[in-house]
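Asker: When you get a sec, could you give me coordinates for this:
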Amino acid sequence: MPVKRKTIYSILLIACIVGFWVFENFYTPDTYSDRENTGLKIDIPPNFMPSSTTGAIVDHSYYSLSYNEPFEQAEWVAYVLKKSQLTRDQRKRPFFIEDPKVKTKSADWRNYKGSGYDRGHLCPAGDRRFSEQAYNETFYTSNISPQDRDFNAGVWNRLELQVRDWARYYNELFIVTGGILEPGLREIGQEDVDVPRYYYKIIAKGAPNDPKIIAFLFLGKESTKPLRQFTVSVDEIEKRTGIDFFENLPDEVEAKLESKVDTDEWKF
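Answerer: Okay, the predicted model is just below:
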């Protein structure tokens, strides 16, 4: 092969390698949000909205969140799940991208590369297959948290499947979920994304002024124990997070609901 042609091939190969590296490390799509709609398309009942310890609340079309910048993730993600939304539509898995609505900039997905942790969804992509936009929105990095792989695919996934079963049975649920963000956590990536030791999920059903509530708290490790064994009071999660989860309920109703663990109203 002539030297000139060999040189051209070498240059083209180097250009391809550099181009791939730039694409892999710097390219992200612009947004998955609906530019014509800035608020929730599926409203969360005001009585179910949690407080925010940061004031950094973001509303997407199909979920809402409170971002905690020092921990580089949401302290909670809240959404409504309806029976009609549980479809089996096949969706192409999109890129994880930064959330354009988080003013302080949500963590880059590359913080997770080589960390040994999954990019664990808080609002599951599987709950949002009913539309492309709803599905893609779950891939904002504001909606993910570092999770042990076996935990994410194991007991945490079992709870997500149980929640879908409840949505089919009870028709509509409110869910709020996140990691327990506390001092002294391990950090990953250049932006020091914190790895929660514990994760919680709170589910409500029924009338917004008189709901039935169940709450779960997990150590972020795989377990084969029945889900019932992870139920706790909402008060316990509030104590660990500093979040008031049903602050808009009448005080006497809130106190009664949040102080007890009641699994009898839920079909396991």
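Asker: ok, and the closest non-adjacent residue to Glu69?
Answerer: Spatial nearest neighbour of Glu69, excluding adjacent residues (Cβ to Cβ, 6 or more residues apart in numbering): Thr104 at 4.4 Å. To be clear about C-beta, it is placed using only N, CA and C from the backbone, and glycine gets the same treatment.
Asker: typed the wrong thing, it's Arg129
Answerer: Arg129 sits nearest to Asp89 (Cβ to Cβ, 6+ apart), 4.5 Å away.
Asker: Thought Arg128 was touching the one you found, still the case?
Answerer: No: between Asp89 and Arg128 there is no contact under Cβ atoms under 8 Å: 9.7 Å.
Asker: The two - which one has more neighbours?
Answerer: Arg128 (27 against 10; other Cβ atoms under 10 Å).
Asker: List the contacts of that one.
Answerer: Residues near Arg128 by Cβ atoms under 8 Å, 6 or more residues apart in numbering: 62, 85, 134-135, 137-138.
Asker: Let's see that with 10 Å instead.
Answerer: By Cβ atoms under 10 Å, 6 or more residues apart in numbering, the contact set of Arg128 is 61-63, 79, 81, 85-87, 89, 91, 121, 134-139.
Asker: Distance check, it against Asp192.
Answerer: For Arg128, the distance to Asp192 equals 29 Å [Cβ to Cβ, to the nearest Å].
Asker: what does Arg168 give?
Answerer: For Arg168 relative to Asp192 (Cβ to Cβ), the value is 40 Å.
Asker: before we move on, what about Leu227?
Answerer: Leu227 sits at a distance of 32 Å from Asp192 (criterion: Cβ to Cβ).
Asker: So the two - more neighbours on which side?
Answerer: Leu227 (18 against 14).
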